[in-house]
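# the following comprises the amino acid sequence and a computationally predicted model.
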Amino acid sequence: MIHFLDRDFVFLSLFAITYALFYAINEKSGVQFIFIYALFPGFFYLFGKYLVLPQMNSVQLVFVLFAIGFIFSLSPVISVVINLREGGFVQLNREVPMFWNGKETKATLMAAYLTFNMCLPIIYLIKQRKIPILLQLAAGIIFITSLLSVFRLGSRTQLVICFLSIVLSLLFIIPKQTVKANTKLFLFLLLITALILKFVPLNLNADYFSVLGSRLQESDNTSSAGGRSALWLQGLENLFAHPLGWQGPNVRYAHNLWLDVARYAGIIPFGLLLIFTLRSLRNTFKAVQKAPKELLLNTTMLIFTMASMLIFFVEPIMEGLFFLFTVYCLFQGIFNAYLKNNN
C-alpha cells in the first residue's frame, strides 16, 4: 500500500487530521468521529487507487464508477421507493424516513446520495464502446427510479446536475465524434424527446410534481440558490475577520464545503482543502486528456467531478454529507491510479 502514497494523499491527510483536531475541541464530539474525520478521507483515496487493476479496460472502469455511485445511493433509493409506495407523491412533508432505522432525514441530504445516479444518461449518449444490453437496461431502471425519488424529495439541485451532465456531455463528445455517430445521436435525442412529450405530462399540477413544482415556482428563492448566496458572502467576510473560525448559537451553515470548513476549523484546514481540491481538478483534467479516444470514460470522469463540485458548493458537506466527500476521495484515487497506469 505504501507505493500508492503521493502528494495528493499528503495534502488530503493533512487537511483531514487538522480538521479532526479542531473537531476534537468540541465537547459534544464523540471520540470515534475524530478518528473517522482524520482517517477516512485518506483511506478511501488509497482504496480507490487499489481498485484500479492494470488489466482493466475503459468500460470496466466506467462500470466501477457507476457501481460505486449506485451502492452509495442504495439506502436512500429504497427508502424513497417505500415512502412513495405508502403515500405517493402528494405528501406535505419532504423528509423521508430511512427504511432501516425509521429516522427521518432531510430531503436535501437524502437527495445528495442520488448525485451520481443523475449522471447515468451519459452512457446512452456515447456509442463508441458497446455496453451490454442488460447493463443498459439496469442503468435505465436505476436512473428512472432515482429521478422519481428526486421528484418526491423536491430537489432542484439534482435536476440541475442531471441537466448539466447531459448538456456538458453533448458539448464534450459532439466535436470528437464522427458525422455518422453524431447523426445517430441526434436521431436518438429526437426519439427520446418525442416519447417524453407524448407520454410524460409536463404539468406542474401533476401528482409527481406536487413537491418539486411548488419549489420550482419559488423564483426569488431559486435565483439566490435557496438563499445561499447571502451565506456565501457572509462566509467570505468572516474568513478574513475570523481566520481561526467562527461559531456561536446564531451562526448558520455557509452551505459550501470550503467555507464551512473555515467556519468550523479556521484557515489552515481551509487552505489544505483548497490545495487538495485544485490538485484533484488538475488531475481529473489530465486523466481526461490521457486517452482522447476513450470518450465514455473521459466523459464519466468529467461529469462525476462536475456533479461533486456542484454539491460541494451548495451543501455543508463535512457536517452533513461527510460520506459524499469520502466517495469523492475514492473517485480521485481511481482517477489518479488510471492516470499513472501505463496500460
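Thanks, I have it.

# every contact and neighbour count from this point should use C-alpha atoms.
Noted.

# ok, then the element right after the worst-scoring helix or strand of the chain on mean pLDDT?
One helix or strand of the chain scores below all others by mean pLDDT, DSSP states H and E: helix 219-223, with a mean of 52. As assigned by DSSP states H and E, the chain's next helix or strand after helix 219-223 is helix 228-241.

# so how far is that next one off the chain centroid?
23 Å (Cα atoms, centre = their mean, to the nearest Å).

# stretch 335-343 too?
22 Å.

# contacting residues for Leu259?
Leu259 is in contact with Trp232, Gly235, Leu236, Leu239, Phe270, counting by Cα atoms under 8 Å, 6 or more residues apart in numbering.

# just put those in a markdown table and tack on distance to Leu46 and pLDDT.
Output for the contacts of Leu259, formatted as a markdown table (distance: Cα to Cα, whole Å; pLDDT from 0 to 100):
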| residue | distance to Leu46 | pLDDT |
| --- | --- | --- |
| Trp232 | 32 | 90 |
| Gly235 | 32 | 88 |
| Leu236 | 32 | 90 |
| Leu239 | 31 | 89 |
| Phe270 | 22 | 96 |
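
# switch those over to CSV; also include neighbour count and distance to Arg94.
Formatted as CSV, these follow (neighbours: other Cα atoms under 10 Å; distance: Cα to Cα, whole Å):
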residue, neighbour count, distance to Arg94
Trp232, 19, 25
Gly235, 24, 28
Leu236, 15, 31
Leu239, 20, 33
Phe270, 25, 32
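
# who's the closest spatial neighbour of the spatially most central residue of the chain, skipping the chain neighbours?
Nearest residue to the geometric centre of the chain (Cα atoms, centre = their mean): Ser308, 3.6 Å. Spatially, and ignoring its direct neighbours in sequence, Ser308 is nearest to Tyr328 (6.9 Å; Cα to Cα, 6 or more residues apart in numbering).

# what is the burial count for that neighbour?
Other residues near Tyr328 number 20, with proximity taken as other Cα atoms under 10 Å.

# report the distance from the helix or strand harbouring it to the chain centre.
Per DSSP H and E, Tyr328 falls inside helix 322-340. In this view, helix 322-340 has its centroid 12 Å away from the chain centroid, taken as Cα atoms, centre = their mean.

# not counting its neighbours along the chain, what's nearest Ala307?
Ile161 is the one closest to Ala307 (Cα to Cα, 6+ apart), at 5.9 Å.

# for the helix or strand where the one you found lies, output the C-alpha coordinates as PDB.
Here Ile161, judged by DSSP H and E, is contained in helix 156-173. C-alpha atoms of helix 156-173 as PDB (Å, rounded to 0.1, in the frame of the first residue of the first chain):
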ATOM      1  CA  ARG A 156     -33.800  21.300  -7.600                       C
ATOM      2  CA  THR A 157     -30.000  20.700  -7.300                       C
ATOM      3  CA  GLN A 158     -30.300  17.100  -8.600                       C
ATOM      4  CA  LEU A 159     -32.300  18.200 -11.600                       C
ATOM      5  CA  VAL A 160     -29.600  20.800 -12.300                       C
ATOM      6  CA  ILE A 161     -27.000  18.100 -12.100                       C
ATOM      7  CA  CYS A 162     -28.900  15.800 -14.400                       C
ATOM      8  CA  PHE A 163     -29.500  18.700 -17.000                       C
ATOM      9  CA  LEU A 164     -25.800  19.800 -16.800                       C
ATOM     10  CA  SER A 165     -24.500  16.300 -17.100                       C
ATOM     11  CA  ILE A 166     -26.400  15.800 -20.400                       C
ATOM     12  CA  VAL A 167     -25.500  19.300 -21.800                       C
ATOM     13  CA  LEU A 168     -21.900  19.100 -20.900                       C
ATOM     14  CA  SER A 169     -21.600  15.600 -22.200                       C
ATOM     15  CA  LEU A 170     -23.000  16.700 -25.600                       C
ATOM     16  CA  LEU A 171     -20.700  19.700 -25.700                       C
ATOM     17  CA  PHE A 172     -17.800  17.400 -24.900                       C
ATOM     18  CA  ILE A 173     -18.500  14.500 -27.200                       C
END
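
# let me see the mean pLDDT of the helix ranked longest in the chain.
Identified as the longest helix of the chain according to DSSP state H is helix 58-87. The pLDDT scores in helix 58-87 average 92.

# what does stretch 98-113 give?
On average, stretch 98-113 scores 85.

# before we move on, back to that, can you list contacts of the helix holding Tyr328?
Against helix 322-340 from outside (Cα under 8 Å, 6+ apart): 40-42, 44-52, 65, 112-113, 280, 283-284, 286-287, 290, 301, 305, 308, 317-318.

# quick revisit: how much space between the residue nearest to the centre of the chain and Lys180?
To Lys180, Ser308 is 33 Å away according to Cα to Cα, to the nearest Å.

# Val10 now?
On the measure of Cα to Cα, Val10 and Lys180 end up 46 Å apart.

# which one's more surrounded, those two?
Looking at Val10 and Lys180 with other Cα under 10 Å, you find the greater number of neighbours at Val10, namely 14 against 8.

# which stretches of this protein form strands?
Taking DSSP state E to define them, one finds strands in the chain at 96-97, 104-105.
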